[in-house]
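1. The following block contains a protein sequence and its predicted model.
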Amino acid sequence: MILVFLGTIFVASFLESRTRIPYTMMLVGLGIIISLATLLVNGFDQIKIDSNLIINFVIPPLIFEAMMRIDYKDFTRVKISVLLLSTIGVAITTIVVGLLLMYFLHLPFQLAFLFAALISPTDAAIVIKTFKMIKVPRLLSTIVEMESSFNDATGIIIFTAVAGIVFGAVPTFTNDAIGDFFATGINEKTQMNLDILREIGLFLLVSLGGVAVGLAIAIITNRLHSLMNNPFSEISLTITTVFGSAMVANAFGLSGLIAVATAGLYFGNVTMRKESSMSKEVRDTVSNFWDIAAFFANSLAFLYLGVTMNIVSIGQEMPLIILVFVVVLIGRALFTYPILALVNKFTTESVPLFWQNIIMIGGMRGAISVALVTSLPQSEMKTSLETITFGVVLLSLVIQYIVLSKYIKRVNAKFDDSIKV
């Protein structure tokens, strides 16, 4: 499996150098080819990859590396936009998409909102890589990258909360009740626990608790960095910071991804900038290491998307998938523009309309949505949800990336004259 992974990375890199197709799209395409080959060899048995691998081991390094590159001063200039988009925005998208799926597709309330919750967060791996390839103003990149990093965590929290509302308790994804629910379907007698205040309180606890854990671990490791001056030891310590933040936060029932994002922001703006904590030689080595780590994590995330997709099932359900994809885009548009309009009106932050268009189009779906849907117990209902989710993610990767690239080229001249946030 490792040889296949490394070989696929090499092939994708080689093909990118010979074509104009992005490396990330190459990985997804090669992953789909591997998936098709496996389907044919194994008699249509899909490759199974543990979703926890993505959530716990692939996404955290990507978020940490992205956050350590962000200037805290830039974040303070766009913090309201970022926080509203990554929290209220995800909640609004879940509500809008859920209602539209109920109205247009006549899905049961619970099922529509469970799907809406898992498809609402944009994906950090996709967005961060895309905005590294496409040249945009630093502040605009900060908004989109930080939104995607924080709303990964928000999406997981909301997905868990929606499952809690559906089942009357906050479950784990191996709970027998969930398996029974998806195995037997939803009927009119299904009851809901609509304790909204409790869910909001839980959301705040999980989010702010994640910030506290990430900050505490980052401060402790910052003191340890000041006692060292060895690149390999300090790289090991940063790895401990990333996975330690996630594991400790998760152990207390808090958001591991928010903890990692907080630790990354502190590490990049405090630890790496203080000579007393880290020398220039060590800083350069650590920075290069995380470049390489992010490259491999990104590669694994995109390959995971391709390998887990059953392209045959997606093709059979394409009309439905296209409709759901349009609904998801409508849901994103219905929160992006109103929220940023309010930010422009009532705060000192000012986000130009063409920046808003880029933020809206740049909200691509990816590995987080796939990981969430594959975390559900096996059933016919899960199979249907997987097909729709994979299809929406595939359309998001292809269509939104193409539209985003063309739109940025069209408005490129405006960037120099754009309103500063």
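-> Okay, I see it. Note that the structure is predicted; figures quoted are calculated from it, not measured.
2. what about the stretch 101-250 of the chain, any weak spots by pLDDT?
-> Counting by pLDDT under 70, the stretch 101-250 of the chain contains low-confidence residues at 124-125, 163-196, 199.
3. Now the residue positioned nearest the centre of the chain: closest residue in space, sequence neighbours ignored.
-> Nearest to the mean C-alpha position of the chain, counting by C-alpha atoms, centre = their mean, stands D123 at 2.6 Å. Nearest non-adjacent residue to D123, counting by C-beta to C-beta, 6 or more residues apart in numbering: G366, 2.9 Å away. In this view, the C-beta of every residue, glycine as well, is placed from N, C-alpha and C.
4. phi, psi of that neighbour?
-> Torsion angles at G366 (phi, psi; degrees, to the nearest 10) stand at phi -160, psi -130.
5. list the contacts for it?
-> 122-123, 125-126, 301, 305, 393, 396-397 (C-beta atoms under 8 Å, 6 or more residues apart in numbering).
6. go with 10 Å
-> By C-beta atoms under 10 Å, 6 or more residues apart in numbering, G366 lies in contact with 24, 28, 54, 59, 121-127, 129-130, 148, 152, 301-302, 304-305, 393, 396-397.
7. Quick check: pLDDT value at it.
-> At G366, the model reports a pLDDT of 82.
8. What of I21?
-> Taking I21 on its own, its pLDDT is 76.
9. what separates it from F131, distance-wise?
-> I21 sits 18 Å away from F131, going by C-beta to C-beta, to the nearest Å.
10. repeat for E147
-> Where F131 is concerned, E147 sits at a distance of 11 Å (C-beta to C-beta).
11. tell me, what's touching those two both at once?
-> Counting by C-beta under 10 Å, 6+ apart, the contacts common to E147 and F131 are G362.
12. So between those two, which is more surrounded?
-> Taking other C-beta atoms under 10 Å, E147 and F131 do not tie; E147 has more neighbours (29 against 22).
13. can you tell me which helix or strand the nearest residue to L15 once chain neighbours are set aside belongs to?
-> Distance criterion C-beta to C-beta, 6+ apart; nearest residue to L15, sequence neighbours excluded, is M26 at 5.2 Å. Per DSSP states H and E, M26 falls inside helix 23-41.
14. Give me the phi and psi angles of E349.
-> Torsion angles, degrees, to the nearest 10, at E349: phi -80, psi 140.
15. Test my guess that it contacts L83.
-> No. Assessed by C-beta atoms under 10 Å, E349 is found out of contact with L83, at 11.1 Å.
16. what's around the residue nearest to L15, how many residues?
-> Neighbours of M26 (other C-beta under 10 Å): 22.
17. so where does L208 fall, helix or strand?
-> L208 belongs to helix 196-225, assigned by DSSP H and E.
18. C-alpha coordinates for the helix or strand following that helix, PDB please?
-> Next in sequence after helix 196-225, counting helices and strands by DSSP H and E, comes helix 231-251. Provided in PDB are the C-alpha atoms of helix 231-251 (Å, rounded to 0.1, in the frame of the first residue of the first chain):
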ATOM      1  CA  PRO A 231      16.500  20.600  14.500                       C
ATOM      2  CA  PHE A 232      15.500  17.000  14.900                       C
ATOM      3  CA  SER A 233      14.600  17.300  18.600                       C
ATOM      4  CA  GLU A 234      12.500  20.400  17.800                       C
ATOM      5  CA  ILE A 235      10.800  18.800  14.800                       C
ATOM      6  CA  SER A 236       9.800  15.900  17.100                       C
ATOM      7  CA  LEU A 237       8.500  18.400  19.600                       C
ATOM      8  CA  THR A 238       6.300  20.100  16.900                       C
ATOM      9  CA  ILE A 239       4.900  16.700  15.900                       C
ATOM     10  CA  THR A 240       4.100  16.100  19.500                       C
ATOM     11  CA  THR A 241       2.400  19.500  19.600                       C
ATOM     12  CA  VAL A 242       0.200  18.700  16.700                       C
ATOM     13  CA  PHE A 243      -1.000  15.200  17.700                       C
ATOM     14  CA  GLY A 244      -0.800  15.900  21.400                       C
ATOM     15  CA  SER A 245      -3.200  18.900  21.000                       C
ATOM     16  CA  ALA A 246      -5.600  16.700  19.000                       C
ATOM     17  CA  MET A 247      -5.400  13.700  21.300                       C
ATOM     18  CA  VAL A 248      -5.700  15.600  24.600                       C
ATOM     19  CA  ALA A 249      -8.700  17.700  23.300                       C
ATOM     20  CA  ASN A 250     -10.400  14.600  21.900                       C
ATOM     21  CA  ALA A 251      -9.800  12.800  25.200                       C
END
